[in-house]
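Student: next one to model:
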Amino acid sequence: MKSPWTLALAVLLLAGAAYWFTRPEIPTPAAEPDKLSRRHPAPPSDLQSANQQIGHSVAGANLQTMDGKVGPLSSFLQGKPLVLVFFSHDCDCSLEFARYFAAAMEASRAKADWRFVFSDTPEQISAFTTKSGLTLPSLRDPGAELSRQLGITKSGPFVLVDPQGVVLAIWPGVSLEGLKDLFSRLQLPSLSSSQLFGIPQSPTAGCPLTL
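Tutor: The predicted structure follows:
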């Protein structure tokens, strides 16, 4: 005759086996999907589209200052070439690119004026500037009028405009070669490698603009 302890152990084993085979399924946590970077090389089509605007005037494009005053681009031309950089307020790529352009702006003040162009609200632009920790002279592009005219749909492209408002060059994304080309056109020596440490080697665009 089996002892009570043997019977108790058998009951426990049977109960354990019954629980194992009838236990509820515990869902396996879904792996967090990889966050897709919105920073990517600018395709050749962007360069082809940009080149179509070279030689065209953008002097009449309406832009808005941070205090709400609207005026044509010509009102921001002060007798020097103007560099326009297109950014998006909620784009980490724009934040990354900002330090390269800020260094370029500081080194070229004697030869060119700079404006950072957003299609966002003044509050969003102000928040972006604060987050970047940089002093960026910014303008709004209401309705993305200028962006559309130039065929610019992503953050990172920059444009050189002559003192009369004629487009001299468009770079479809930020790159070491692009800034070298800009400085060559402005007859300035290139920036040091330390100032541009980490900059993309080939034209790289960021997040889509709000068009």
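Student: got the contact list for stretch 121-134?
Tutor: Stretch 121-134 is contacted from outside by 66, 68, 87, 89-90, 94-95, 98-99, 102, 118, 120, 135-136, 138, 140, using C-beta atoms under 8 Å, 6 or more residues apart in numbering. Heads up, the C-betas are built off the backbone N, CA and C, glycines and all.
Student: tell me which two in those are the farthest apart.
Tutor: 68 and 99 (28.1 Å; C-beta to C-beta).
Student: of those two, who's got more company?
Tutor: residue 99 (17 against 8; other C-beta atoms under 10 Å).
Student: which residues touch that one?
Tutor: Applying C-beta under 8 Å, 6+ apart, the residues contacting residue 99 are 132, 134.
Student: buried subset of the contacts of stretch 121-134, written for ChimeraX?
Tutor: A single ChimeraX command is used to select the members of the contacts of stretch 121-134 judged buried by 16 or more other C-beta atoms under 10 Å:
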select :87,89,94,95,98,99,102,118,120,136,138,140
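Student: for the contacts of stretch 121-134, which one is nearest residue 194?
Tutor: Closest to residue 194, out of all of the contacts of stretch 121-134 and judged by C-beta to C-beta, is residue 99, at 11.8 Å.
Student: just how off-centre is the host helix or strand of that closest one within its chain?
Tutor: Using DSSP states H and E, residue 99 sits within helix 92-107. Centroid displacement of helix 92-107 relative to its chain, using C-alpha atoms, centre = their mean, to the nearest Å, is 10 Å.
Student: then that helix to CSV, C-alphas only?
Tutor: The C-alpha trace of helix 92-107 is given here as CSV (Å, rounded to 0.1, in the frame of the first residue of the first chain):
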residue,chain,number,x,y,z
ASP,A,92,16.5,65.9,-35.6
CYS,A,93,18.4,66.1,-38.9
SER,A,94,18.0,69.9,-39.0
LEU,A,95,19.3,70.0,-35.4
GLU,A,96,22.4,68.0,-36.5
PHE,A,97,23.0,70.1,-39.6
ALA,A,98,22.5,73.4,-37.7
ARG,A,99,25.9,73.4,-36.2
TYR,A,100,27.7,73.0,-39.5
PHE,A,101,25.7,75.9,-41.0
ALA,A,102,26.3,78.0,-37.9
ALA,A,103,30.0,77.5,-38.2
ALA,A,104,29.9,78.4,-41.9
MET,A,105,27.7,81.5,-41.2
GLU,A,106,30.2,82.8,-38.6
ALA,A,107,33.2,82.3,-40.9
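Student: ok, for residue 155, nearest residue in space, not its chain neighbours?
Tutor: Distances taken as C-beta to C-beta, 6 or more residues apart in numbering place residue 206 nearest to residue 155, at 4.0 Å, with adjacent residues excluded.
Student: ok, residue 154 to residue 194 distance?
Tutor: Applying C-beta to C-beta, to the nearest Å, the value for residue 154 to residue 194 is 27 Å.
Student: which one of the two has more residues nearby?
Tutor: Neighbour totals were compared for residue 154 and residue 194, and residue 154 leads with 24 against 7 (other C-beta under 10 Å).
Student: for that one, give me the pLDDT.
Tutor: If you check residue 154, the pLDDT there is 91.
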